[in-house]
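*Asks:* following is a predicted model, sequence given first.
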Amino acid sequence: ANLEEACTTMRSFLSRSGMPMFNRARYLVVPPALEFTARTILTSALQMRLATAASAEGPWPTSNPIANYGLELIVDDFLPHVIAQQQQSYGDTAWYLFADPASVPAVAAIHLAGHEGPEICMKHSNKVSIGGGDIGPMSGDFATDNVLYRVRMCFNASKMDWRGTWMSTGDASST
C-alpha cells in the first residue's frame, strides 16, 4: 500500500464497539535510507502519477494531499538493525505510521518503580596519593586519567492498541 492508502486505512479502523476512533496517522517513521524520499513526499506540492493502461498519457503531476496531511517525519537510525536482528530483509525499505498517542496509544513506556529518572553513576578513582591526602573522583583512574560515567534508564514498553500503527515492508504487494 502507498502512504495515502495507509493513512486512509488507519482512519477507517473502528473501536471494539464499532464506533469511529478518530484514528489519524500523525508520525511517519522511516529508516535512514528512506529519509530523503520521505522528505520529498511530505514537502512536495505536487506528486507524479504514472500512466495507467486506460490512459496513454503520463506521467502527469497532481496535487499532493500528503503534504497537507500534517505527518511528522521521524528518521530512526536503529530500524535497519532491529529488523536485521529479526532476520528480515526489508530493513532499508520498511516504513511505519503511528497515530497521535493522545488519540490511540499504540505503545506505552513505563518506568520501573523507584527509577523514574536516569541513574547517573561515576566510577571511583583508583589513584592513591603518596602523601596520604585524598584524591578526588575527578582525578580519573591511575593509568589513563579517564573519568568514567554510567547512565541507566530502567523502563519497559508494552503494546497497547494495534490500530494505532501501520507498517509497510516497502514492497508494493504487501503491508
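*Replies:* Ah, there it is. Numbering: from 1, shown residues only.

*Asks:* drop to CA atoms for contacts and neighbour counts, all remaining ones
*Replies:* Will do.

*Asks:* residue ranges with poor pLDDT in this structure?
*Replies:* The chain contains residues with pLDDT under 70 at 1, 47-62, 172-175.

*Asks:* rerun that using 80 as the cut-off
*Replies:* 1, 45-68, 85-89, 91, 125-126, 128, 131-137, 170-175 (pLDDT under 80).

*Asks:* which residues of it fall in strands?
*Replies:* Ranges of strands within the chain are 25-30, 46-49, 60-63, 72-75, 95-99, 107-111, 119-122, 149-152, 155-159, 165-168, based on DSSP state E.

*Asks:* deepest-packed of those, please.
*Replies:* Of these, the one with the most neighbours on average (mean count of other C-alpha atoms under 10 Å) is strand 95-99, at a mean of 23.

*Asks:* other SSEs contacting that strand?
*Replies:* strand 25-30, strand 165-168 (3 or more C-alpha pairs under 8 Å, 6 or more residues apart in numbering; DSSP states H and E).

*Asks:* the strands of the chain into CSV, with extra columns for distance to Asn2?
*Replies:* Formatted as CSV, the strands of the chain follow (distance: least, C-alpha to C-alpha, whole Å):
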stretch, distance to Asn2
strand 25-30, 12
strand 46-49, 12
strand 60-63, 16
strand 72-75, 16
strand 95-99, 10
strand 107-111, 23
strand 119-122, 43
strand 149-152, 39
strand 155-159, 25
strand 165-168, 9
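
*Asks:* those strands: which one's closest to Thr40?
*Replies:* Proximity to Thr40 (C-alpha to C-alpha) singles out strand 46-49 among the strands of the chain, at 9.4 Å.

*Asks:* does Cys97 have beta-bridge partners, and which?
*Replies:* One thing to correct before we go on: residue 97 is Leu, not Cys. On the basis of DSSP bridges, Leu97 is bridged to Leu28, Trp166.

*Asks:* help me confirm that it comes into contact with Arg26.
*Replies:* Yes: with contact defined as C-alpha atoms under 8 Å, Leu97 reaches Arg26; the gap is 7.2 Å.

*Asks:* before we move on, back to that, could the helices and strands packed on strand 95-99 go into CSV alongside distance to Pro65?
*Replies:* Listed next are the helices and strands packed on strand 95-99 as CSV, based on distance: least, C-alpha to C-alpha, whole Å:
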stretch, distance to Pro65
strand 25-30, 13
strand 165-168, 19
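
*Asks:* out of the ones you listed, nearest to Thr144?
*Replies:* That would be strand 25-30 among the helices and strands packed on strand 95-99, by C-alpha to C-alpha, at 40.8 Å.

*Asks:* what's the offset of that closest one from the middle of its chain?
*Replies:* 8 Å (C-alpha atoms, centre = their mean, to the nearest Å).

*Asks:* pull it out as CSV, backbone CA atoms only.
*Replies:* The C-alpha coordinates for strand 25-30 follow below in CSV (Å, rounded to 0.1, in the frame of the first residue of the first chain):
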residue,chain,number,x,y,z
ALA,A,25,-1.8,9.0,11.3
ARG,A,26,0.5,11.6,13.0
TYR,A,27,4.0,10.2,12.7
LEU,A,28,5.8,8.7,9.7
VAL,A,29,8.8,6.6,10.9
VAL,A,30,11.4,5.6,8.3
